[in-house]
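# model the structure of this input:
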Amino acid sequence: MTICKYCGNEAGDGEFCKSCGAKNEAAAVTPQRMTEEDYRQLENQQVYTSDPNKQGSYEQPNKYFRPQAATGLLTANIVVLVLGVLTFCNSLGVTGLAVIFSILGIISASKVKNARSDMEAGSCRSGATFMLVLGIIALVIGFAVLIVLKILGSLANGLFSLLF
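The predicted model follows:
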């Protein structure tokens, strides 16, 4: 399967890309996704190739890329989202930043499963991790604001009862 490097769609077998019309010589081959049956068949056979530049070195060919899901990052970002929504009004909206960061983290973590390369999956994972850290920082600041407001509220209530 060839992918056009200009539009990202399948280029086809003709001289020009069937989506955008670019010359097909600019098309590049991308790693194919395998089914579970293909993986089971590959586990039973060992295919090794020899590098002509290195004598006696053998390596497993990396024709297929199989990304792993980032369920831990996805779950953590969902927890931050729920906590941010629950404390949004009581913290004067400070945890609204945590909600925004966690939504962006959820989007990045969900893109890991559909990545086409290891570099793309790593980029999505690091983006989800970064958004998770920012969301946790925003939650901590929001909880601090919430605690300060509760303390000030109880002090004001105590002073009001003393005066009247």
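
# going by C-alpha atoms from here, please, whenever you check contacts or count neighbours.
Will do.

# just the element for Val79, please.
Secondary-structure assignment from DSSP states H and E places Val79 in helix 71-86.

# who touches that helix?
Contact with helix 71-86 is made by 95-96, 98-99, 102-103, 105-106, 109-110, 125, 128-129, 132, 135-136, 139, as judged by CA atoms under 8 Å, 6 or more residues apart in numbering.

# now do stretch 89-100
80-82, 84-85, 87-88, 134-139, 141-143, 145-146, 149.

# so what's the model's average confidence on the helix ranked longest in the chain?
Secondary structure of the chain read by DSSP state H shows that its longest helix is helix 118-163. Here helix 118-163 scores 89 as its mean pLDDT.

# hmm, Met131 is touching Leu104, no?
Yes - shown here, Met131 and Leu104 form a contact pair, counting by CA atoms under 8 Å, at 6.6 Å.

# what strand or helix carries Glu105?
Small correction: residue 105 is Gly, not Glu. According to DSSP H and E, Gly105 maps onto helix 96-111.

# now that helix against helix 71-86, angle please.
An angle of 160 degrees separates the directions of helix 96-111 and helix 71-86 when computed by axes from the mean of the first three to the mean of the last three CA atoms, to 10 degrees.

# by how many degrees do helix 96-111 and helix 118-163 diverge?
What separates the directions of helix 96-111 and helix 118-163 is an angle of 160 degrees, with the same axes, to 10 degrees.
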